[in-house]
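Novice: could you work out the structure for the sequence below:
(one chain, ligands or ions: 1)
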Amino acid sequence: MTTATIPATTELRAAGQARPEAQSAIARRPLAAVTGAEIQAPLIQGGHVRYANLDYGASAPALSVVSAYLNEILPFYASVHRGAGYASQISTSVYENARTIVRDFVGGRPDDAVIFTRNTTDSLNLLAGCLPVVDGVHTGDVLYLDIEHHANLLPWQSVPHRSVIAAPTLAGTLELLRGELAHGGVSLLAVTGASNVTGEVLPIRALAALAHEYGARIVVDAAQLAPHRRIDIAADDVDYLAFSGHKLYAPFGAGVLVGRPDWLDAGTPHLAGGGAVQDARIDTVSWTAGPARHEGGSPNVLGAATLARATQVIADLDVDQWHAHENAIRSYLVEGLARIDGVSVHQIFSDSASFDAPADQGPRVGAGTGPIGVVNFSLEGYDAGLVAAYLSAEHGIGLRDGRFCAHPLLRRLGLPSGSLRASFGLGSRLEDAQRLLTALQQLRQTGLGWDYVVDAGRWVPANDTRTYPHWAPNTPGTAGAAPCTLD
Ligand SMILES: Cc1ncc(COP(=O)(O)O)c(C=O)c1O
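Specialist: As a prediction, this is how the structure comes out:
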């Protein structure tokens, strides 16, 4: 597959986005304040340095506005939907109002359901339980690509499904999907809005048109898209959309599924329990319709409220500034990586930055608008986990290594043991990318400055005597390798 050495830069330029000289000024500062922007990371050789967070794609820091909002509403925290008290009524109002805010943020139709969940994974599992069934048999298959995050792949494996190995181009991939849809019998096309591995954006408007042409619906996994692009599901004719608060600057445990209510109102309740019923007897129940059907138990009002607050901040961003900030960092990083010996930048599709959908299905947020703030790369001769450990221990830089919960794709890209991913967003600055490039240059020129060992499946510095806050007793590495890292 495409493991091209930096074609991405040229493509960005072709898309008219990469003039780092002109744009870098905007990226010298964060575009928005985030909580924890100045935390100091201890270095293995002594001293501290400002933590360079290049791992937004995994979990983004809370926007300062969101943290402040959390503190503002916290005193009013009380039960939702369950109390006549003043605080309960305020909490209920905040929770229900969060649905409207989120619906507006994604350009939802007036009757779209907005269901709060734990995260994207939860949202997609919920939808998997709501696929139409007649006489106990699913009415169609779920169709998906091999480039998906496990959250948009594994839930479909337990229902009738078909998978397609993406072509080297988006244009070719659309044709493959068309061929599969034309066979008939597909009820749902499940596709990511932006790859969590490479940051490439998919043409969701064109994909929605394609699915509908063959009588299928579409769900977009917007876990990566929502923090980086304006979304308008009504305009793009997307049926369902899922994303997570913790990637959208609201890391307080909520996610969301937005979409057409009919399947959701008829589907199996996602969490059987209090709040999800109209009436329950000792051994029978009649379930309620609407979001409550799937939100059994006490809802995460603070998670939902902060998620909604974050969407308001993002909705208020000037789109040009927003994209210029991110593109400047991305271009700078990609160009810098090209100058380092032995670095390869990975991408899935050779046409993702220039993809041209038919005029009536042209990109709104989709492909052709360039990749989001995610850059995936490898350094020849070095295990990705070792590079990540080095960057953290010797330079105070946090990024992601491994297989990104996208094992089929990584295998196909020829990266069975993983790669590195730098990702950034509103709180990032050019200096973060500069520090990464300097650290990688140093690694190339002088090698590691410390010994590293494998502990519980992860590379860690040997003889690490750094201390951590008393409330974080597990030092890095002792928790072992996460399933999505090495597994
Ligand atoms: C594209 C994509 N989809 C889904 C997920 C799963 O998100 P969560 O862990 O919040 O459920 C992720 C997380 O990395 C992702 O990047």
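Novice: CA only for contacts and neighbour counts going forward, please
Specialist: Will do.
Novice: in stretch 106-123, what's buried?
Specialist: Neighbour counts over stretch 106-123 (16 or more other CA atoms under 10 Å) mark 106-109, 112-123 as buried.
Novice: that one: end-to-end distance?
Specialist: Taking CA to CA, to the nearest Å, stretch 106-123 runs 15 Å from one end to the other.
Novice: so how far is that stretch off the chain centroid?
Specialist: 15 Å (CA atoms, centre = their mean, to the nearest Å).
Novice: quick one on the thing from earlier: which of the buried residues of stretch 106-123 fall in helices?
Specialist: 120-123 (DSSP state H).
Novice: sorry, back to before: out of the buried residues of stretch 106-123, who's near the ligand?
Specialist: Counting by CA under 6 Å from any ligand atom, 119-121 from the buried residues of stretch 106-123 sit close to the ligand.
Novice: export these to CSV and append columns for distance to Pro469.
Specialist: Compiled in CSV, those are given as follows (distance: CA to CA, whole Å):
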residue, distance to Pro469
Asn119, 28
Thr120, 30
Thr121, 31
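Novice: touching, Thr92 and His81? I think so.
Specialist: Yes: in this structure Thr92 lies within contact range of His81 using CA atoms under 8 Å: 5.8 Å.
Novice: which one of the two has more residues nearby?
Specialist: Thr92 (21 against 16; other CA atoms under 10 Å).
Novice: give me the distance between the two termini of stretch 261-274.
Specialist: 21 Å.
Novice: and what of stretch 278-287?
Specialist: End-to-end for stretch 278-287, by CA to CA: 5 Å.
Novice: cool, and stretch 417-426?
Specialist: With CA to CA as the measure, stretch 417-426 spans 30 Å from end to end.
Novice: neighbouring contacts of that stretch?
Specialist: If you take CA atoms under 8 Å, 6 or more residues apart in numbering as the criterion, stretch 417-426 is touched by 30-34, 53-57, 60, 197-198, 227-228, 322, 326, 373-378, 383-385, 388, 399-404, 410, 485-486.
Novice: ok, and what's touching stretch 47-57?
Specialist: Contacts of stretch 47-57 (CA under 8 Å, 6+ apart): 37-43, 196, 224, 247, 374, 395-400, 421-425, 428, 432, 435.
Novice: residues touching the nearest residue to Leu440 once chain neighbours are set aside, list them.
Specialist: Spatial nearest neighbour of Leu440, chain neighbours left out: Ile340 (7.7 Å); criterion: CA to CA, 6 or more residues apart in numbering. Residues near Ile340 by CA under 8 Å, 6+ apart: 440-441, 444.
Novice: keep only the contacts of stretch 47-57 that also lie close to the ligand.
Specialist: Filtered for proximity to the ligand (CA under 6 Å from any ligand atom), the contacts of stretch 47-57 shrink to 196, 224.
Novice: now the common contact residues for Thr92 and His81.
Specialist: If you check Thr92 and His81 against CA under 8 Å, 6+ apart, no residue is contacted by both.
Novice: mind listing what the residue in the stretch 151-300 of the chain positioned nearest to the ligand touches?
Specialist: As assessed by CA to the nearest ligand atom, the ligand sits closest to Asn196 within the stretch 151-300 of the chain, at 4.3 Å. Contact partners of Asn196, counting by CA under 8 Å, 6+ apart, are 57, 149, 224, 374, 404.
Novice: what would the residues you listed look like in a markdown table with secondary structure?
Specialist: Listed next are the contacts of Asn196 as a markdown table, based on DSSP: H, G, I helix; E, B strand; the rest coil:
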| residue | secondary structure |
| --- | --- |
| Gly57 | coil |
| His149 | coil |
| Gln224 | coil |
| Val374 | strand |
| Phe404 | coil |
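Novice: how many neighbouring residues does Thr467 have?
Specialist: For Thr467, the tally of surrounding residues (other CA under 10 Å) stands at 11.
Novice: do you know how far it is from Thr438?
Specialist: Per CA to CA, Thr467 is found 26 Å from Thr438.
Novice: now do Asp279
Specialist: The spacing between Asp279 and Thr438, counted by CA to CA, is 63 Å.
Novice: quick one: average pLDDT of stretch 310-321?
Specialist: Per-region confidence: stretch 310-321 scores 96 on mean pLDDT.
Novice: just stretch 441-460 next, same as before
Specialist: 96.
Novice: stretch 172-180 too?
Specialist: Here stretch 172-180 scores 97 as its mean pLDDT.
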